[in-house]
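Using only what follows, build the 3D model:
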Amino acid sequence: MADCHSVQNAAFYCAGCDYAVACVKMADGYNDMARSFSIVKASSIIFSDYIEMQHRNSRNVAVIITLLVLLVGTAAVLVCVLVRRSRRKGDELEMAMGYNSRLRASLDEITVTKERMNDVLTSRNAMLLDSFVMLSDHINEVDKFCKTSANMIVAGQQGKARKVLQEGCSAPFISSLYASFDKWFLSVHPDFVERLLALLRPEERARFLPPPTGLSPELRIYALVSLGITDSVSIAEFLHYSPQTIYNYRLRVRHCACIPEKDFAATVAAMYGKGTSTPSLPKGG
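Numbering: from 1, shown residues only. Next up is the predicted model:
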């Protein structure tokens, strides 16, 4: 209604202005000075009202434009805030996804580590059980050996008993000891044979390939060296060899080395970071 009223007022003022201009022209044409002054006075009133109306309309338009600018500015600010908030949410989501991925990777790593530890624990339990079984067999065999020897003595077979006592009963248990050690060592260090053969000249490596069931005497000796047991006497007591036999085996391998012979034992001893110290070993029996 206000817009319609403004349009009607503008039309009225335009018509009044046109009418005033026409009256002025007619008064000039008839040289009616008195009427001309009256017409000019009336026209001034009409024009002043018209100009005031135009100023009022201009102010209204300016207010509307200002409101529109403020509205557009507010909308732009809101859009910027929303975009920034959305971007921040996106960054937070990306960070959360990255953190989730790292957690998942850590969980997978923990799971793999747990499985490995379970495998190691199972293997160690099996090796420990094998050791107890071997010890039990040894006790049973010693008990059987003692009873057999005593029966021979009671039966008057002193010569036969003396021969049996001299031969002893350790041979099968030494073989069992070797088999258990080879199985344990290769389960802990499956790359030992490959790493040791790499220290030998290529043309000599075939001589020291292990048998399918375990380690050869030379490899078994240097397996102990890789564990830090470098003293030949200790190795001889553990493997039930003479120190000279151990020395000969070590010398045979050392002569085939592709590195200086004097560095061979130290290189093998440091293979798994054990150094060159000799830990104590149980006496062989």
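
Could you pull up the residues touching Ile221?
Contact analysis of Ile221 by C-beta atoms under 8 Å, 6 or more residues apart in numbering lists 235, 239, 246, 249-250, 253. Placement of C-beta: from N, CA and C, glycine included.

So which of these belong to strands?
Within those, no residue falls in strands by DSSP state E.

Redo those as CSV? Include pLDDT, neighbour count and distance to Pro172.
Shown next, in CSV, are the contacts of Ile221 (pLDDT from 0 to 100; neighbours: other C-beta atoms under 10 Å; distance: C-beta to C-beta, whole Å):
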residue, pLDDT, neighbour count, distance to Pro172
Ile235, 93, 25, 21
Leu239, 90, 20, 15
Ile246, 95, 22, 22
Tyr249, 95, 21, 22
Arg250, 95, 20, 26
Val253, 94, 24, 27
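
Identify the farthest-apart pair in those.
Leu239 and Val253 (14.8 Å; C-beta to C-beta).

Where does the prediction get shaky in this structure?
Applying pLDDT under 70 to the chain flags the ranges 1-47, 49-50, 127-132, 134, 138, 166-170, 274-285.

Apply 80 and report the result again.
1-54, 119-146, 148-149, 152, 158, 160-173, 273-285 (pLDDT under 80).

helices or strands next to the lengthiest helix in it in the packing?
Longest helix of the chain, by residue count under DSSP state H: helix 33-154. With contacts taken as 3 or more C-beta pairs under 8 Å, 6 or more residues apart in numbering; DSSP states H and E, helix 33-154 sits against helix 2-30, helix 158-167, helix 171-188.

can you list the domain ranges for the protein.
For the chain, automatic domain parsing gives the domain ranges 2-92, 183-285.

For Val188, give its distance to Tyr178.
Applying C-beta to C-beta, to the nearest Å, the value for Val188 to Tyr178 is 16 Å.

Much appreciated, bye for now.
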